[in-house]
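Participant: Just a sequence and a predicted model for now, questions to come.
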Amino acid sequence: MRIGCLLKATKYQLLGTSFTVMFLGVAVAAMTLWISCSDEFIVIRSITIETNRYARLHDLAAYSGLSTSVFLALLGIICLIGIIKESEYLLSVVLFCFALLFCGVVQMMYWRSTYKQLVENAVKDVYDFLYDDFTRNSSDHSKQDLIAIHSTFLCCGKNSTFSHYNPVENETCFAEGPPLKDCLQAVEDQITGLMAIVEALMVLLGIVTVYGMILAAFLCFAGCLTVSWHTKGKYKVANSSEH
């Protein structure tokens, strides 16, 4: 009786975990689409220069995020079906997927610290190239790109006050209103805010992954050791003696 109650409680907890995993899949997909469609990141992505490393990083992040969201959705669905059918095979697959996901979360946590600096440097390199190109050559193409960046990030040049502006800022910034933020600082703040959201999602995903892995492992091993796990839908008709 105690084993049966424990199995039932574990199944309900794993059921809740499966819905949480599917919700996290939706959250990862929403965050990926937000990054892909955000004006701040699109304006950098669309700059066509040979030194624009951010374009490749942007595409890599989009493909990785969508792939992760699909994996989470499928994991949640398989987990849900395995619980309903009480299938040891499906729960073994769920356990393997949770273990694989845990390794992926650990890898993503490691890459988060280095990826943040890599993205910052890539965006700053693009801005520095445009800034220097317009300073030396007064290129119309660089001017239009700088205007787009300044209006999107609500920043202006590499200076924090209008008093230090040079001709680059005077021709590509809108000087109306309060002083605007330094563009390199604006880029750093934008990416820091994004990485904070990514880190929160990864921490939550890591907790859910470990918890789901423990529950799935318990059900897999308990199913092999108990008879009641295999009795769903099986009934015996008892013979009654006539008096």
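Facilitator: Looks like it arrived, so ask away.
Participant: Taking the centroid of this structure, which residue is nearest it?
Facilitator: Val28 (4.4 Å; C-alpha atoms, centre = their mean).
Participant: Report all helices and strands that the lowest-mean-pLDDT helix or strand in the chain contacts.
Facilitator: Within the chain, no helix or strand scores below helix 167-172, which has a mean of 75 by mean pLDDT, DSSP states H and E. Helices and strands touching helix 167-172, by 3 or more C-beta pairs under 8 Å, 6 or more residues apart in numbering; DSSP states H and E, are helix 88-137, helix 140-153. (Each C-beta comes from the backbone N, C-alpha and C, glycine too.)
Participant: How far away from the center of its chain is it?
Facilitator: Taking C-alpha atoms, centre = their mean, to the nearest Å, one finds the center of helix 167-172 at 37 Å from the center of the full chain.
Participant: next structured bit after it?
Facilitator: helix 183-225 (DSSP states H and E).
Participant: Show me what that following helix packs onto, helices and strands only.
Facilitator: Contact here means 3+ C-beta pairs under 8 Å, 6+ apart; on that basis helix 183-225 packs against helix 2-37, helix 54-85, helix 88-137, helix 140-153.
Participant: Buried residues, the shortest one. List them.
Facilitator: Right, helix 140-153. Across helix 140-153, burial judged by 16 or more other C-beta atoms under 10 Å covers Ser142, Lys143, Asp145, Leu146, Ala148, Ile149, His150, Thr152, Phe153.
Participant: again, but for stretch 40-48
Facilitator: Glu40, Phe41, Val43, Ile44, Arg45, Ile47.
Participant: Just name the most buried of the helices and strands packed on helix 167-172.
Facilitator: Burial of the helices and strands packed on helix 167-172 is given as mean neighbour count (mean count of other C-beta atoms under 10 Å); helix 140-153 ranks first at a mean of 18.
Participant: Only alpha carbons, please: show it as PDB.
Facilitator: Provided in PDB are the C-alpha atoms of helix 140-153 (Å, rounded to 0.1, in the frame of the first residue of the first chain):
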ATOM      1  CA  ASP A 140      27.100  57.600 -46.600                       C
ATOM      2  CA  HIS A 141      26.600  53.900 -45.900                       C
ATOM      3  CA  SER A 142      28.200  54.100 -42.500                       C
ATOM      4  CA  LYS A 143      26.300  57.300 -41.800                       C
ATOM      5  CA  GLN A 144      23.000  55.600 -42.400                       C
ATOM      6  CA  ASP A 145      24.000  52.600 -40.300                       C
ATOM      7  CA  LEU A 146      25.100  54.900 -37.400                       C
ATOM      8  CA  ILE A 147      21.800  56.900 -37.600                       C
ATOM      9  CA  ALA A 148      19.900  53.600 -37.400                       C
ATOM     10  CA  ILE A 149      21.900  52.400 -34.400                       C
ATOM     11  CA  HIS A 150      21.600  55.700 -32.600                       C
ATOM     12  CA  SER A 151      17.900  56.000 -33.100                       C
ATOM     13  CA  THR A 152      17.300  52.300 -32.100                       C
ATOM     14  CA  PHE A 153      19.500  52.100 -29.000                       C
END
